[in-house]
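Colleague: One predicted model, sequence on top.
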Amino acid sequence: MTQMTMARFMFLAAMCLAGWLRGGDVERDRQVDAARIAAQARIVEMIADEPLGRGITVGSYLDRMDARRRLWQTVSAAQQVGGVRWIDDGTCQVRVEVPAMEVAQLVLDTALTAPNKSPLSYDQLEQKLAQWARRSFSATAGSLSPERAMMVAPPAGQAAWAGVDAAQRRALIDSARMNASRRLVDSFAVEPAIDDAARAQLVEWASSQPVTSVQFRDSRAVDVTIAYNSSELVNAIKEFVPGFSQDAAEVLSTTAAPTITGSSVEEARTTARKVVVIPAAPPAWVDTLIDVSADATFKSSALKTARLADDAAQKALLESVYALALNDGTILGDRAAEDAAVAQAIERAVSASRVSKVSYRADGSVTVRLALPGKTVWHELSTAAGSQ
């Protein structure tokens, strides 16, 4: 210590201080990252709805060519425009821009890799995309810290929420955020399989990620979207799932959706709730995958049509769950009609379903296929019974 010069001491002290300051900025950096991801996701939606010809959009074209993931990979390299705008300590906004010709090159490269599969010739695509020479796609999005998200209120004048107090709103936002976290963890399959303990840890990790959207529906349900960095997700799985391979990590980092939305339903206001009672032994459908699909005819844009198909698939999935029977012979739909807690447990389970396939057709119609593990339904029912 006596041989250390003052200059070296000051240098080390400065390095320690810089490291401490960087540590304090981790959460803010995560929020900025989430806002950028949300903006990039909006750009992907914009680009997917761009027409290419013959009733084909960029999104439907890439889906036919099995190259939709490459669109996200291209847009994820989009540059941030300007600085980060901090509205308050827990809210930031970021603007992102990507040159249209980078997307055009992606489409043309995709056509070259499988010309016999492409519904449009290379010349047709080149002629159409030449119009993008001076264009760019940009979007602005924000993110909220989990704590700040709990304080979001419905827009003024949304009458459906007039009688809902702040505590109830916070409970619904938290429920939707946790559902989004469960949907994220249930949306990917990894080897080795995730056990209940690891699942709980991953759900807790997901629930700590920034929120990019809080939407209040007139039905008094809340939709919450979270965003996350795929490399951080991989690191979390490596931490909580022993034996998770590097190959699996690489696949997951390129296929996991960067944002995910969960929904909540209004909690019963009465304190005199009936006790949820379910048989102790799980039914046979716990080990099955509930699989449904639904169609929607074209409505103004591919994105809107896909959302309509997803809504229809959600309804079909809900009916499928309602038709399930417990070991005592009772039907879940009948139990849900009698007990709000059972109905809410089923709603939470359905909101945790994942999209297994989206099919875009030449006439603009879309088919969405949803998958829901039976164990997710049983988990929500068991949780409802255990929380009484």
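Modeller: Received it, and whenever you're ready, just let me know what you need.
Colleague: For the rest of this, base every contact and every neighbour count on C-alpha atoms.
Modeller: OK.
Colleague: I'd assumed Y360 was in contact with A309.
Modeller: No - A309 is not in contact with Y360 according to CA atoms under 8 Å; the separation is 10.7 Å.
Colleague: Show me the common contact partners of the two, please.
Modeller: Shared contacts of A309 and Y360, defined by CA atoms under 8 Å, 6 or more residues apart in numbering, are found at V366, T367.
Colleague: Run through who's touching whatever helix or strand M178 lives in.
Modeller: Here M178 sits within helix 166-186, counting by DSSP states H and E. With CA under 8 Å, 6+ apart as the test, helix 166-186 has contacts from 149-151, 153, 199, 202-204, 206-207, 214, 221-226, 260-267, 348, 351-354.
Colleague: ok, now stretch 194-214?
Modeller: With CA under 8 Å, 6+ apart, stretch 194-214 has contacts from 30-31, 34-35, 38, 141-146, 149, 152, 173, 177-178, 180-182, 184-185, 222-228, 236-237, 240-241.
Colleague: What residues of it count as buried?
Modeller: The neighbour-count check on stretch 194-214 (16 or more other CA atoms under 10 Å) flags 194, 198-203, 205-214 as buried.
Colleague: from those, which ones fall inside helices?
Modeller: A198, R199, A200, Q201, L202, V203, W205, A206, S207 (DSSP state H).
Colleague: so which of those would you say is closest to R54?
Modeller: Proximity of those to R54 was ranked by CA to CA; the top entry is A206 with 41.2 Å.
Colleague: and the residue minimising distance to the centre of the chain, which of the three is it?
Modeller: By CA atoms, centre = their mean, the chain has its centre lying nearest to I260, at 0.8 Å. Using DSSP: H, G, I helix; E, B strand; the rest coil, the structure places I260 in strand.
Colleague: correct me, but it touches Y228?
Modeller: No - in this structure, I260 is not within contact of Y228 by CA under 8 Å, at 9.0 Å.
Colleague: re the thing from before, can I get the ones in helices among the buried residues of stretch 194-214 in TSV with pLDDT and distance to R335?
Modeller: TSV is the format used below for those (pLDDT from 0 to 100; distance: CA to CA, whole Å):
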residue	pLDDT	distance to R335
A198	87	31
R199	88	28
A200	90	27
Q201	92	31
L202	91	31
V203	91	28
W205	93	33
A206	93	31
S207	93	30
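Colleague: a markdown table for those residues, including distance to D123?
Modeller: Listed next are these as a markdown table, based on distance: CA to CA, whole Å:
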| residue | distance to D123 |
| --- | --- |
| A198 | 51 |
| R199 | 49 |
| A200 | 52 |
| Q201 | 51 |
| L202 | 48 |
| V203 | 48 |
| W205 | 48 |
| A206 | 45 |
| S207 | 47 |
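Colleague: So which residues of the stretch 1-150 of the chain form helices?
Modeller: 6-24, 26-48, 58-64, 68-75, 100-113, 122-129, 146-149 (DSSP state H, counting those that start in this stretch).
Colleague: who's in contact with the shortest one?
Modeller: With contacts defined as CA under 8 Å, 6+ apart, helix 146-149 is touched by G90, T91, I173, S207, S208, Q209, P210, V211, V214.
Colleague: got it, and the fifth one?
Modeller: Residues lying outside helix 100-113 but in contact with it, judged by CA under 8 Å, 6+ apart, are 58, 62, 65, 67, 70-71, 74-75, 118, 121-122, 125-126, 129, 132-137.
Colleague: PyMOL command for the buried members of the residues you listed?
Modeller: To isolate the buried ones among the contacts of helix 100-113 in PyMOL, judged by 16+ other CA under 10 Å, type:
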select buried, resi 58+62+65+67+70+71+74+75+118+122+125+129+137
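Colleague: Now mean pLDDT and distance to H379 too, for the helices of the stretch 1-150 of the chain, in a markdown table please.
Modeller: Listed next are the helices of the stretch 1-150 of the chain as a markdown table, based on pLDDT from 0 to 100; distance: least, CA to CA, whole Å:
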| stretch | mean pLDDT | distance to H379 |
| --- | --- | --- |
| helix 6-24 | 41 | 37 |
| helix 26-48 | 92 | 29 |
| helix 58-64 | 91 | 34 |
| helix 68-75 | 89 | 31 |
| helix 100-113 | 95 | 42 |
| helix 122-129 | 94 | 49 |
| helix 146-149 | 94 | 24 |
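Colleague: Those: which one's closest to A323?
Modeller: Here helix 58-64 is closest among the helices of the stretch 1-150 of the chain (CA to CA), at 32.9 Å.
Colleague: Could you list everything L372 pairs with in the sheet?
Modeller: I290 (DSSP bridges).
Colleague: For it, report the pLDDT, please.
Modeller: Per-residue pLDDT puts L372 at 92.
Colleague: Closest one of the contacts of helix 146-149 to P51?
Modeller: V214 (30.0 Å).
Colleague: Next one, pLDDT for that closest one please.
Modeller: In this model, V214 carries a pLDDT of 96.
Colleague: how about low-confidence regions in the stretch 151-300 of the chain?
Modeller: 189-192, 251, 253-257, 265-276 (pLDDT under 70).
Colleague: what's near enough to touch the nearest residue to A39 once chain neighbours are set aside?
Modeller: In space, and not counting its chain neighbours, A39 is closest to A141: 4.8 Å by CA to CA, 6 or more residues apart in numbering. By CA under 8 Å, 6+ apart, the contact set of A141 is A35, R36, A38, A39, Q93, V94, R95, T212.
Colleague: Distance check, A141 against V84.
Modeller: From A141 over to V84 the distance is 11 Å, taken as CA to CA, to the nearest Å.
Colleague: hey, what's in contact with both of these two?
Modeller: Q93, V94, R95.
Colleague: Just give the number of residues close to the nearest residue to the first one once chain neighbours are set aside.
Modeller: If I follow you right, that is Q93. Excluding the flanking residues, the one nearest Q93 by CA to CA, 6+ apart is G142, at 4.0 Å. By other CA atoms under 10 Å, the residues close to G142 number 26.
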